[in-house]
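Visitor: Pasting a predicted model and its sequence here:
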Amino acid sequence: MSSRAQHRASRVSVLEAIRATGPASRVELAAATGLTQATISTTVRDLIADGLVEETGERTPTRGKPRTLLQLVSAARCAIGVQIGADAILVAVVDAVGAVIARTRLHGAREQDPRATVARIAEAIAELVLTAGLPRERIIGLGVVTPGLLDIGRGVILRSRSLGHWVGRDLRAEFGEPTGLDVITDNDATAAALGEFWGGELPGSRAHCTVYMGDSVGAGLLMQGTVYRGASANTGAIGSIAVRRGSGWRGSTVEDLATPRAVVERARAAIATGAETSAALSDDGDWYRDFQSISVAAVRGDDFSIGLIRESCEYLGDGVVTVANLLDLDSITLAGPAFTIAGTLYLRHLADRLASDAFAAERHPVQVRLSSQLADAAAVGAAALVLQRDLRPGVDHDRRR
């Protein structure tokens, strides 16, 4: 390895150690990274000069003199993340330690021409940056994430059930021109998983999955803190897993049966045949609003709505248990707009399913939790993709073609 490459690797190791553990002394950084004290001193000096790290307070050990602590300068770098969904678009501005500075929610991209949608998003980004009072030079890039099959090397959606009219569009060029920012793209579930890791929400997890459910359902996978991408960066298609019930195949997938749209379709069919519920469904067929109404009714104890959510939990659980057993997961996070209201119901059901059906349950538990971001998780993760590329160059984000 060249001296330049060694220096870059040392910077990455130190930045990652500080980001993951919080304020740390030079001695602690040497222990965490395996670097020599001399290398730590040189690297830290350069990072302070670059404005990425600062000294903050002291810690007194059991023996010896107090040690000066180092932390990331949160405002040194900021990134913008955009999650494009058919029914909602989320935009978030995130600082170097993963904290959300500003965010906004826009109407989804289902019906509007993509060029008009891009213009709306670019305008929202400009307003957020202005409102937050951020100097332009601190914004290092824009992450754009979507559901579906992607070529992240070219920034192109290859297939999407909910955003079919976006297929073939060059997201990097279309967003780069109006924003003036360098753009990277990825899958929304993968971004949500990385956002959890970047924000320090996954301490000690060795095999993690973030299940992201909105218009569709996908899974972002992290192994030892690194995104697992597979051959083409299209891993985690949990929604494509076939669901089996009873004596034979149902002929449907997790996405066909577990998503909010599927729940609403079953609700409307049952109500049409006389089922009674306190959930008020819309006249215009807005399935997202209808699912929220069903979720509220379920949380309030409406038997019909509880049954619908429980059925969704069962189908989703089939996919989650399959992934947990295949990869020996020790941690699962639920994220996405589907969990914003009835998330605790999904959480309890999946925790019970994994406790009983996970192959390695006797060896170790599988921790299940709700994301601290929920609806914003993918947008925050999109920004984290940019931050990681800047602070950990060459790590995780695959630009393969």
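Guide: Received, thanks. Numbers count the residues shown, from 1 in each chain.

Visitor: you'd agree A126 is in a strand?
Guide: No: per DSSP: H, G, I helix; E, B strand; the rest coil, A126 lies outside any strand segment and is helix.

Visitor: residue ranges with poor pLDDT in the stretch 51-200 of the chain?
Guide: Scanning the stretch 51-200 of the chain for pLDDT under 70 picks out 61-62, 64.

Visitor: can you give me the helices for it?
Guide: Per DSSP state H, counting those that start in this stretch, the stretch 51-200 of the chain carries helices over the ranges 114-132, 171-179, 188-198.

Visitor: same question, the stretch 201-350 of the chain
Guide: Going by DSSP H, counting those that start in this stretch, the stretch 201-350 of the chain shows helices at 254-258, 260-272, 287-299, 303-327, 343-357.

Visitor: I'd like the helices of the stretch 51-200 of the chain laid out as CSV, including distance to V97.
Guide: Quick note: C-beta positions are derived from backbone N, CA and C, even for glycine. Formatted as CSV, the helices of the stretch 51-200 of the chain follow (distance: least, CB to CB, whole Å):
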stretch, distance to V97
helix 114-132, 16
helix 171-179, 23
helix 188-198, 8
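
Visitor: Of the ones you listed, which is nearest V217?
Guide: helix 188-198 (8.1 Å; CB to CB).

Visitor: export the closest one as CSV, just CAs?
Guide: The C-alpha trace of helix 188-198 is given here as CSV (Å, rounded to 0.1, in the frame of the first residue of the first chain):
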residue,chain,number,x,y,z
ASP,A,188,-34.5,3.1,-0.3
ALA,A,189,-34.2,0.1,2.0
THR,A,190,-30.4,0.0,1.8
ALA,A,191,-30.3,3.7,2.5
ALA,A,192,-32.6,3.2,5.5
ALA,A,193,-30.2,0.6,6.9
LEU,A,194,-27.2,2.7,6.4
GLY,A,195,-28.9,5.7,8.1
GLU,A,196,-29.6,3.6,11.2
PHE,A,197,-25.9,2.6,11.3
TRP,A,198,-24.6,6.1,10.6
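
Visitor: counting contacts, what elements does that helix pack onto?
Guide: strand 78-84, strand 139-146, strand 207-213, strand 217-223, strand 226-227, strand 331-335, helix 377-391 (3 or more CB pairs under 8 Å, 6 or more residues apart in numbering; DSSP states H and E).

Visitor: Could you spell out the sheet neighbours of the shortest one, each with its direction?
Guide: Paired with strand 226-227 in the same sheet, following DSSP bridges, are strand 217-223 (antiparallel).

Visitor: quick check: mean pLDDT across the strand it pairs with?
Guide: The pLDDT scores in strand 217-223 average 94.

Visitor: Count the neighbours of A49 for me.
Guide: For A49, the count of nearby residues is 9 (other CB atoms under 10 Å).

Visitor: check contacts around the residue nearest to the spatial centre of the chain.
Guide: In the chain, the centroid-proximal residue (CA atoms, centre = their mean) is A192; its distance is 0.4 Å. With contact set as CB atoms under 8 Å, 6 or more residues apart in numbering, A192 has these partners: 210, 212, 220, 333, 335-336, 371, 373, 377-378, 380-381.

Visitor: how does this structure divide into domains?
Guide: Annotated domains of the chain cover 3-72, 77-197+377-391, 203-370 [automatic domain parsing].

Visitor: Excluding residues flanking it in the chain, which one is nearest G143?
Guide: A382 (3.3 Å; CB to CB, 6 or more residues apart in numbering).

Visitor: hang on, the one you found packs against I152?
Guide: No: in this structure A382 lies outside contact range of I152 using CB atoms under 8 Å: 11.8 Å.

Visitor: Low-confidence regions, the stretch 201-350 of the chain specifically.
Guide: Applying pLDDT under 70 to the stretch 201-350 of the chain flags the ranges 245-251.

Visitor: Please work out which of the helices of the stretch 51-200 of the chain is packed deepest.
Guide: helix 188-198 (a mean of 30; mean count of other CB atoms under 10 Å).

Visitor: hang on, the earlier thing: among the helices and strands packed on helix 188-198, which is nearest S252?
Guide: strand 217-223 (12.8 Å).

Visitor: Looking at A382 and I152, which has the bigger crowd around it?
Guide: In this view A382 and I152 are compared by other CB under 10 Å, and A382 has more residues nearby, 33 against 24.

Visitor: From T131, how far out is the more buried one?
Guide: 19 Å (CB to CB, to the nearest Å).

Visitor: Repeat that for E276.
Guide: Taking CB to CB, one finds E276 at 46 Å from T131.

Visitor: what does E201 give?
Guide: If you go by CB to CB, the gap between E201 and T131 works out to 26 Å.

Visitor: Can you dump the C-alpha atoms of stretch 65-73 in PDB for me?
Guide: Taking C-alpha atoms only, stretch 65-73 is exported to PDB below (Å, rounded to 0.1, in the frame of the first residue of the first chain):
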ATOM      1  CA  LYS A  65      -3.100  12.600  33.700                       C
ATOM      2  CA  PRO A  66      -6.400  13.700  32.000                       C
ATOM      3  CA  ARG A  67      -6.800  12.900  28.300                       C
ATOM      4  CA  THR A  68      -8.100  15.400  25.800                       C
ATOM      5  CA  LEU A  69     -11.200  14.100  24.000                       C
ATOM      6  CA  LEU A  70     -11.800  14.400  20.300                       C
ATOM      7  CA  GLN A  71     -15.200  14.600  18.500                       C
ATOM      8  CA  LEU A  72     -16.500  15.100  14.900                       C
ATOM      9  CA  VAL A  73     -17.400  18.700  14.000                       C
END
